[in-house]
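**Student:** Give me the fold of what follows.
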Amino acid sequence: MSIADRGRVPPFHAMRVLQAAHARRAAGLPVYVLTAGQPGTPAPAPVLAAAHRALNADQLGYTSQVGIPALREAIAGHYRRWYGLPVSRDDVVATTGSSGGFLLAFLAAFDPGDLVVLARPGYPAYRNMLTSLGCRVLELPCGPDTRFQPTVAALDALPELPTGVVVASPANPTGTMLTPVELAGITRWCDANGVRLVSDEIYHGITYGGAPSCAWSTSRNAIVVNSFSKYFCMTGWRLGWLLVPDELLDSVDRLASNFALCPPTLAQHAAVYAFDAYAEMDANVARYRANRDLLLARLPGIGLNRLAPADGAFYMYADVSTWTSDSLAFGARLLEETGVAVAPGIDFDPVDGGRYIRMSFAGDTAEIADAVDVLGEWLAKQG
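**Tutor:** Okay, the predicted model is just below:
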């Protein structure tokens, strides 16, 4: 029997490392999990309370494919409060996580054969989803000189005008951000050239300097992707959202009704109340900041002195080329010999990622500090 080529995309190695770490923990061995891109705390208290109410009072059947009105209105209100943007609930589509949002965005905006530009390093699912959908992917190499972010100059130098551009700010795996001026410049470049911008904003709220900008502050031609997973600590609830340009709303509606019927109903009813929990979530961000500062202070002392700035999100992207050019094998040995679990850079950069690892600092501060001790001792033995 045949196997479709789209099923041969590379695996997400970070998730396999996480599974191996869980197996190690189940066997009673020490583990320091710096792999998972998820908060180390549960969903906010108002969300949990609302979920209990919904379990007792609602049948939890299908909803509209684009989400319940109360949730879409709550999301629109979030944009009015945080960004001063006149977003209405009709602009909002609730999705099955940001992953479901990206799938709908890519399906609605791009046809097979279309060229879509991404930054490298970047989140691997962009590349793999687009490839599975038959799009051509062009990855722009983005290094420390541009803080691992694309620039208008790099877009101007493209050999072919693309159909789409995907940006992320804060970005995974580097945590770097586009300034509001830089994002506006890329957004205007896309508009001027008839290129659809997809703006990944799922780490908004988790920043350590200036506040990030929303692409809709410049143009409503962009598709904005966001999620309850990161700032709102709801990874397993599988709920995200899109801000959708008017001309794509019908396409997204048709696709959503066929691909998922509706986002998870319990999560929708509960997430309405996530926007009552800013103070609780900001306390989490304060802990992430402390963990970030710990790593920035201590990693150089163990030899990891080439780090991405980590303006936001909860990742440290570290150059380990002193020890390896194969981050996958390096991480496997590190986990087996010490219990420290990190994500290999090849997930995020298939060209240069063998020289990098990603460490998540969303977890417990004491565990992260212990992991640095263990990692430092291990690196010192590598020669």
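**Student:** tell me the pLDDT at R8?
**Tutor:** In the predicted model, R8 carries a pLDDT score of 82.
**Student:** let me redo that: G383
**Tutor:** 69.
**Student:** Any figure for the gap between the nearest residue to R127 once chain neighbours are set aside and T324?
**Tutor:** Once flanking residues are discounted, R127 sits nearest to V137: 5.3 Å by Cβ to Cβ, 6 or more residues apart in numbering. All C-beta atoms are positioned from the backbone trio N, CA, C, and that covers glycine. From V137 across to T324, the span is 26 Å (Cβ to Cβ, to the nearest Å).
**Student:** what's the helix or strand bottoming out on mean pLDDT in the chain packed up against?
**Tutor:** Lowest on mean pLDDT, DSSP states H and E among the helices and strands of the chain sits helix 13-26, with a mean of 93. Secondary-structure packing of helix 13-26 (3 or more Cβ pairs under 8 Å, 6 or more residues apart in numbering; DSSP states H and E): helix 327-338, strand 340-341, strand 343-344.
**Student:** now the angle between helix 13-26 and the first one, please.
**Tutor:** Per axes from the mean of the first three to the mean of the last three Cα atoms, to 10 degrees, the angle that helix 327-338 makes with helix 13-26 is 10 degrees.
**Student:** which residues sit against helix 327-338?
**Tutor:** 13, 17, 20-21, 24, 30, 32, 320, 323-324, 340-346, 353-357, 374-375, 378 (Cβ atoms under 8 Å, 6 or more residues apart in numbering).
**Student:** so where's this structure uncertain?
**Tutor:** Along the chain, the parts satisfying pLDDT under 70 run over 383.
**Student:** Which parts of the stretch 201-350 of the chain are helices?
**Tutor:** 249-259, 265-271, 278-298, 327-338 (DSSP state H, counting those that start in this stretch).
**Student:** Quick check: which of those is nearest to A313?
**Tutor:** Across those, A313 has its closest neighbour in helix 278-298 (8.6 Å, Cβ to Cβ).
**Student:** which helices and strands sit right next to the closest one?
**Tutor:** strand 315-319, helix 365-380.
**Student:** Only the C-alpha atoms, please, for the longest one, written as PDB.
**Tutor:** C-alpha atoms of helix 365-380 as PDB (Å, rounded to 0.1, in the frame of the first residue of the first chain):
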ATOM      1  CA  THR A 365      13.200  27.900  39.200                       C
ATOM      2  CA  ALA A 366      15.000  25.400  41.500                       C
ATOM      3  CA  GLU A 367      14.900  22.600  38.900                       C
ATOM      4  CA  ILE A 368      16.300  25.000  36.300                       C
ATOM      5  CA  ALA A 369      19.100  26.000  38.700                       C
ATOM      6  CA  ASP A 370      19.900  22.300  39.300                       C
ATOM      7  CA  ALA A 371      19.900  21.700  35.600                       C
ATOM      8  CA  VAL A 372      22.500  24.400  35.000                       C
ATOM      9  CA  ASP A 373      24.700  22.700  37.700                       C
ATOM     10  CA  VAL A 374      24.400  19.300  36.100                       C
ATOM     11  CA  LEU A 375      24.800  20.700  32.600                       C
ATOM     12  CA  GLY A 376      28.000  22.600  33.600                       C
ATOM     13  CA  GLU A 377      29.600  19.500  35.200                       C
ATOM     14  CA  TRP A 378      28.800  17.500  32.100                       C
ATOM     15  CA  LEU A 379      30.100  20.000  29.600                       C
ATOM     16  CA  ALA A 380      33.300  20.300  31.600                       C
END
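**Student:** buried residues in that helix?
**Tutor:** I368, A371, V372, V374, L375, W378, L379 (16 or more other Cβ atoms under 10 Å).
**Student:** So which bits of stretch 271-290 are buried?
**Tutor:** 271-275, 277-278, 280-281, 284-285, 287-289.
**Student:** quick one, the helix or strand hosting R72 and helix 278-298 angle?
**Tutor:** Take DSSP states H and E as the rule and R72 turns out to sit in helix 69-83. Per the same axes, to 10 degrees, the angle that helix 69-83 makes with helix 278-298 is 50 degrees.
**Student:** ok, residues contacting helix 69-83?
**Tutor:** Residues outside helix 69-83 that contact it (Cβ under 8 Å, 6+ apart) are 66, 85-94, 204, 213-214, 216-217, 241, 243, 268-269, 271-272, 274-275.
**Student:** Can you turn the buried part of these into a ChimeraX selection?
**Tutor:** The command below creates a ChimeraX selection of those among the contacts of helix 69-83 that count as buried (16+ other Cβ under 10 Å):
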select :66,85,87,89,91,92,93,94,204,213,214,216,217,241,243,268,269,271,272,274,275
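**Student:** rewinding a little: how about the helices and strands packed on helix 278-298 in CSV, adding distance to L71?
**Tutor:** Below are those laid out as CSV (distance: least, Cβ to Cβ, whole Å):
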stretch, distance to L71
strand 315-319, 28
helix 365-380, 33
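**Student:** burial measure for G28, as a count.
**Tutor:** Using other Cβ atoms under 10 Å, G28 has 7 other residues around it.
**Student:** Just confirm it is within a helix.
**Tutor:** No. Using DSSP: H, G, I helix; E, B strand; the rest coil, the assignment for G28 is coil, not a helix.
**Student:** returning to that earlier point: and of the buried residues of stretch 271-290, the nearest to P300?
**Tutor:** Scanning the buried residues of stretch 271-290 for proximity to P300, where the rule is Cβ to Cβ, the winner is R289, at 18.2 Å.
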